[in-house]
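J.: coords please:
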Amino acid sequence: MKVWKEYQEANKDRFLNELLELLRIPSISAKNENKGDMLTCSESVKQLLLAAGADSATIYPTEGHPVVYAEKFVDAKLPTVLVYGHYDVQPAEPLELWHSGPFEPVIKDGKIYARGSADDKGQFFMHVKALETLVNTQSLPVNIKFLIEGEEEIGSPNLGKFVKENKELLKADVILISDSSMLSMDTPSIDVGVRGLSYIEVTVTGPDRDLHSGVYGGAVANPITILARMIAICHDENNHITIPGFYDDVLIATDDERAKMAQAPYNEEEFKKELGVSELWGEKGFTTNERTGIRPTLELNGIWGGYQGEGAKTVLPSKASAKISCRLVPHQSSAKITEKILNYFKSIAPASVTVDAFEHHGGEPYVTPIDSLEYAAAAKAIKETFGKEPIPVRGGGSIPISALFEQELGIKVIFFGFGLDSDNLHSPNEKYDLFNFYKGIETIPYFHKFFAELKA
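T.: Modelled structure (predicted):
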């Protein structure tokens, strides 16, 4: 609508400056040292929602970081949209690889460089500005609720309890999440599913202290060597995961679904060049897009042990540790997979070492049916502003709370992301294109409009 566009154009500089202020808050949920910043950020989110036109906004404490809830009520006869997002961000390390400070946002070549710019402050903030647009142009066609949490990057350990205890508060007709990406701004897409997650940590212990590698080397098992061997045999020569029962519940994509995925534009040479690799790696028998969407994975996220300081120290370490994550697909259960992985590492350990393996967090996979009116509203909104039909794709990342939302609230989730896979999520120099940011603000009001019309 013309009035929306005019309002957004007149206020775009303020929209951006408000986002930059939000990005300056180092709201790192994983670090205790940033607990005060988490409280500051939750208060900032609350005030931004009130300023955008919410009738009320409340900070709810949890056993961890707080949840921000807000709502704008128009009419009981209208449908209600629940917007979910998160204000916490990933740690910024390694800091030396950033071109500028991770919490000192810089705009360069039309992109905002800052931790959280795309994941997820820049994306949930689009919804805040879309609300402001609709309120100030007196054209809000739905009731809107916001649920912005502070623990997504650590697996949302307390949000499930909050949702279960506040079903009436969160009652809605659809959940809208902008924490995903598009293929490109030239080829718009909608994620129709996200993978689940199983995240564990393994520690292998040999001798009860670090030993002299000359005196004891060759006589005592080296925990780093043993751990490396254990990790290496998790994949076979075809990069197939060897953990017994790992694939038992995997939903096999149909030929039709694989054919639709193949319609997405993909240039392997450009993909390799962008990542700085000469060859790709993955499960044999599947394309790159399939490996990152419809197939489960097991990845090593971190490994450490022994001496890592400056210079040399000839030591046989007492311990070695690794963090390992699995991305899961429908109908895999994170609890089942976690149990299988933990048991596997304990069962394959030689008698010369002991193994301690435990779970960090997990989450379930989720798929949105493309024949639903919720998806139809999202697709129609994107066509309205992009001039093209969006391509339905499966996302490779995880939003652990998605499946629980439908389970507890009985409503569908629509992933309405405007980021790009190349936005360096969880990496140094995270970025978010200004074009994507403003395009999201332009598009979201149309979702509300079309969803209200389809529900009528």
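J.: What helix or strand is residue 82 located in?
T.: strand 80-86 (DSSP states H and E).
J.: for residue 193, same thing?
T.: strand 189-194.
J.: Downstream of that strand, the next helix or strand is which one?
T.: Next in line after strand 189-194, if elements are assigned by DSSP H and E, sits strand 196-205.
J.: List the buried residues for that following strand?
T.: Across strand 196-205, burial judged by 16 or more other Cβ atoms under 10 Å covers 196, 197, 198, 199, 200, 201, 202, 203, 204, 205. Any C-beta I mention is one placed from the backbone N, CA and C, and that applies to glycine too.
J.: ok, now how distant is the first one from residue 3?
T.: Note on residue 196: its distance to residue 3, by Cβ to Cβ, to the nearest Å, is 42 Å.
J.: Please apply the same query to residue 387.
T.: 20 Å.
J.: domain ranges for the protein?
T.: 2-194+365-455, 196-250+296-362 (automatic domain parsing).
J.: Single out the most deeply packed of those domains.
T.: Mean neighbours per residue, mean count of other Cβ atoms under 10 Å, is largest over those for domain 2-194+365-455, with a mean of 20.
J.: can you give me the end-to-end distance of stretch 328-338?
T.: Start to finish, the residues bounding stretch 328-338 are 11 Å apart (Cα to Cα, to the nearest Å).
J.: chain center to that stretch, what's the gap?
T.: Relative to the centre of its chain, stretch 328-338 is centred 17 Å away, using Cα atoms, centre = their mean, to the nearest Å.
J.: Same check on stretch 436-449?
T.: The answer for stretch 436-449 is 20 Å, by Cα atoms, centre = their mean.
J.: again, but for stretch 336-348
T.: That offset, for stretch 336-348, works out to 25 Å (Cα atoms, centre = their mean).
J.: Any chance of the backbone angles for the residue nearest to residue 222 when sequence neighbours are not counted?
T.: Closest residue in space to residue 222, ignoring its immediate chain neighbours: residue 316 at 5.6 Å, by Cβ to Cβ, 6 or more residues apart in numbering. The phi and psi values for residue 316, taken as degrees, to the nearest 10, are phi -100, psi 110.
J.: hey, what's residue 316 bridged with?
T.: Note on residue 316: beta-bridge partners residue 211, judged by DSSP bridges.
J.: my guess is it meets residue 213, correct?
T.: Yes. Using Cβ atoms under 8 Å, residue 316 is in contact with residue 213, at 4.5 Å.
J.: in which helix or strand would I find residue 340?
T.: Judged by DSSP H and E, residue 340 forms part of helix 334-347.
J.: For that helix, which outside residues touch it?
T.: 196-198, 200, 202, 230, 234, 243-246, 249, 298, 324, 326, 328, 355, 357-359, 362-364 (Cβ atoms under 8 Å, 6 or more residues apart in numbering).
J.: Could you pull up the mean pLDDT of that helix?
T.: The average of the pLDDT scores along helix 334-347 is 96.
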